[in-house]
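Chemist: give me the fold of what follows.
(chains A and B)
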Amino acid sequence: MYFACGDAWRARQVFEGMSDRDVVSWTSLISGLVRNGCPLQGLHHFASMMHSEVRPDFVLLVSILKAYMELDDLPGATGAHALVVKSGFDNELDVVITLTAMYAKFGCILAARALFDKVPTPQVNVILWNAMISGYSKNGLAKEAVQLFKQMRKFARSMTPDSVTLLSVILASAQLGSIEIAEWMEAYVQGSEYRDDVFVNTALIDMYSKAGSIAHAHAVFERMHVQERDVVVWSALIAGYGMHGHAKEAVTLFEDMKRAGVKPNDVTFLGLLSACKHAGAVEKGWSYFQSMKHEYGIEPRHQHYACVVDLLARAGHLDRAYRFITGMPIKPELSVWGAFLNGCKMHGHSDIALAECAAQHIFELQQSNAGHYVQLANLYASAGMWSHVAGVRVTMRERGVSKETGCSSIDINGEMHSLHAGDHSS
DNA sequence: GTAGGGTTAG
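Modeler: Okay, the predicted model is just below:
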């Protein structure tokens, strides 16, 4: 209850005062911590529990797996998976669902699929299917996601898609960029009980923006009830106009949104800034960046800085962009210098020193990416500095930079599944 | 006490 009120401290107080701690009370403490952004503390308590007499059950292990997901810790996650197997819970449906989502989250889509396929068909469960479909969507395997959605309908008697299913398939449709599939998805939504679902409609707006029809996206927005248009809905449409380079419409929408009494957030500004960037509206974007900080008190994140740098650099304001970067209150990340270098490539033939400076920062942050070296080489080439081009190649060889992809493998029930970066096979 | 989810970019 205290966790539900956001009071982790009180929750722990109650727990400490309990004399007979069973696995259920441990679980409520640990899952509460994991869900409230303190996965490390949750694992810490789990270690304490393991030193006591209490043994974990499958419900607790689900929370432990989620803790490692939160922490982005694949070795820890596979270790927890091993504990699940050792404890004999690897056939519990809830556990299999978590494991499927977990491996998908880590990009190990083949491992996720192997777990999914292991579940016997009578146990059809929407959440399991959702875990697999969204796993495909999030890993860019849109065709597989749509295909699995179509397969799901074979079980229509025992299982119907819910809003989460629809969100995942809409996300996949957005990646396919096909207006036919987008319209097919919208028709499906219209015929379902989720036609007025805010989440689903937001995803539809995003889908149409990415599939190339901002008019369709706007139509979805218009159909929504006014009171349902929250900041995420507005932001999705603003970003959509931005993607299409319609800065004027994005700005108008932004003003409409403010008039409607909806407060913009950091994502809204990102869409707005990106709209200005695509349209080359330097001063407009600059003033929105200022108002974001001073008028709304929103602290810019790396993406905002990268966007402003991109905005300035694309327009050829290289010196201004450089000064902006050096004045940043946080350490510029790869994306910031990357945007700058990109601008140099477009405009910097005369000022190769600035580009070299950007490249230097980039190599410092990520030495092993061949793409950066190629970019610098291209820049030298466009400036006719051929000896420098050759120099870049020498540096690459010296540092052992090549274009090979990474590979790792995962053990599921004694079977090794090999995973390659960018692997799309199944 | 547990499982899947909407807006950010090229």
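
Chemist: close to DNA strand B: what parts of the stretch 1-150 of chain A are there?
Modeler: A:23-24, A:27-28, A:31, A:35, A:57-60, A:62-63, A:66, A:69, A:93-94, A:97-98, A:101, A:125-127, A:130-131, A:134, A:138 (Cβ under 7 Å from any atom of the strand). From N, CA and C alone the C-beta is placed, and that goes for glycine too.

Chemist: got it, and the stretch 251-400 of chain A?
Modeler: A:265, A:267-268, A:270-271, A:274, A:277-278, A:303, A:307, A:310.

Chemist: again, 10 Å this time
Modeler: By the rule Cβ under 10 Å from any atom of the strand, the part of the stretch 251-400 of chain A lying against DNA strand B is A:264-275, A:277-278, A:301-304, A:306-307, A:309-311, A:314, A:335, A:338-339, A:342.

Chemist: drop anything exposed from these.
Modeler: Listed as buried from those are A:264, A:267-275, A:277-278, A:303-304, A:306-307, A:309-311, A:314, A:335, A:338-339, A:342; burial here means 16 or more other Cβ atoms under 10 Å.

Chemist: check contacts around the nearest residue to A:Val336 once chain neighbours are set aside.
Modeler: Closest residue to A:Val336 apart from its sequence neighbours, by Cβ to Cβ, 6 or more residues apart in numbering: A:Ala306 at 4.8 Å. Shown in contact with A:Ala306 (Cβ atoms under 8 Å, 6 or more residues apart in numbering): A:333, A:335-336, A:338-339.

Chemist: do A:Ile30 as well
Modeler: A:42, A:45-46, A:49, A:60, A:63-64, A:67.

Chemist: nearest to DNA strand B among those residues?
Modeler: Taking Cβ to the nearest atom of the strand as the measure, A:Leu60 is the one of the contacts of A:Ile30 closest to DNA strand B, at 4.5 Å.

Chemist: mind telling me what element the closest residue to the closest one other than its chain neighbours is part of?
Modeler: Using Cβ to Cβ, 6+ apart and skipping the chain neighbours, the partner closest in space to A:Leu60 is A:Thr27 (4.5 Å). Using DSSP states H and E, A:Thr27 maps to helix A:23-35.

Chemist: pLDDT score for the closest residue to A:Ala313 other than its chain neighbours?
Modeler: Closest residue in space to A:Ala313, ignoring its immediate chain neighbours: A:Gly343 at 2.2 Å, by Cβ to Cβ, 6+ apart. With respect to pLDDT, A:Gly343 scores 89.

Chemist: which parts of the strand or helix carrying A:Gly343 are buried?
Modeler: Following DSSP H and E, one finds A:Gly343 within helix A:334-347. Residues A:334-345, A:347 are the ones in helix A:334-347 that count as buried (16+ other Cβ under 10 Å).

Chemist: likewise stretch A:247-262?
Modeler: If you call a residue buried by 16+ other Cβ under 10 Å, then stretch A:247-262 has these buried ones: A:247, A:249-251, A:253-254, A:257, A:262.

Chemist: next: stretch A:284-291.
Modeler: A:284-286, A:288-289.

Chemist: ok, stretch A:208-222 next?
Modeler: So stretch A:208-222, judged by 16+ other Cβ under 10 Å, has buried residues A:208-211, A:213-214, A:216-218, A:220-221.

Chemist: tell me, which of the residues you listed make contact with DNA strand B?
Modeler: The residues of the buried residues of stretch A:208-222 that also fall near DNA strand B, by Cβ under 10 Å from any atom of the strand, are A:209-210.

Chemist: so can I have TSV of the buried residues of stretch A:208-222 showing distance to A:Ala370?
Modeler: Output for the buried residues of stretch A:208-222, formatted as TSV (distance: Cβ to Cβ, whole Å):
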residue	distance to A:Ala370
A:Tyr208	36
A:Ser209	32
A:Lys210	28
A:Ala211	32
A:Ser213	36
A:Ile214	36
A:His216	39
A:Ala217	37
A:His218	41
A:Val220	41
A:Phe221	42
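
Chemist: among the buried residues of stretch A:208-222, which are located in helices?
Modeler: The helices, defined by DSSP state H, take in A:208-211, A:214, A:216-218, A:220-221 from the buried residues of stretch A:208-222.

Chemist: can you lay out these as JSON lines showing pLDDT?
Modeler: Converted to JSON lines, those look like this (pLDDT from 0 to 100):
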{"residue": "A:Tyr208", "pLDDT": "96"}
{"residue": "A:Ser209", "pLDDT": "95"}
{"residue": "A:Lys210", "pLDDT": "94"}
{"residue": "A:Ala211", "pLDDT": "92"}
{"residue": "A:Ile214", "pLDDT": "95"}
{"residue": "A:His216", "pLDDT": "96"}
{"residue": "A:Ala217", "pLDDT": "96"}
{"residue": "A:His218", "pLDDT": "96"}
{"residue": "A:Val220", "pLDDT": "97"}
{"residue": "A:Phe221", "pLDDT": "97"}
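
Chemist: from those residues, which single one is nearest A:Val389?
Modeler: Taking Cβ to Cβ as the measure, A:Val389 lies nearest A:Lys210 of those, at 36.7 Å.

Chemist: thought A:Met292 was touching A:Arg301?
Modeler: No: checked against Cβ atoms under 8 Å, the pair A:Met292 and A:Arg301 is beyond contact range at 10.7 Å.

Chemist: what sits in contact with each of the two?
Modeler: A:Asp266.

Chemist: geometric centre of chain A: which residue is closest?
Modeler: Central residue of chain A (Cα atoms, centre = their mean): A:Lys138, 7.8 Å from the mean position.

Chemist: which residues are in contact with that one?
Modeler: Contact analysis of A:Lys138 by Cβ under 8 Å, 6+ apart lists A:104-105, A:171.

Chemist: do A:Phe89 as well
Modeler: A:57-58, A:61, A:95.
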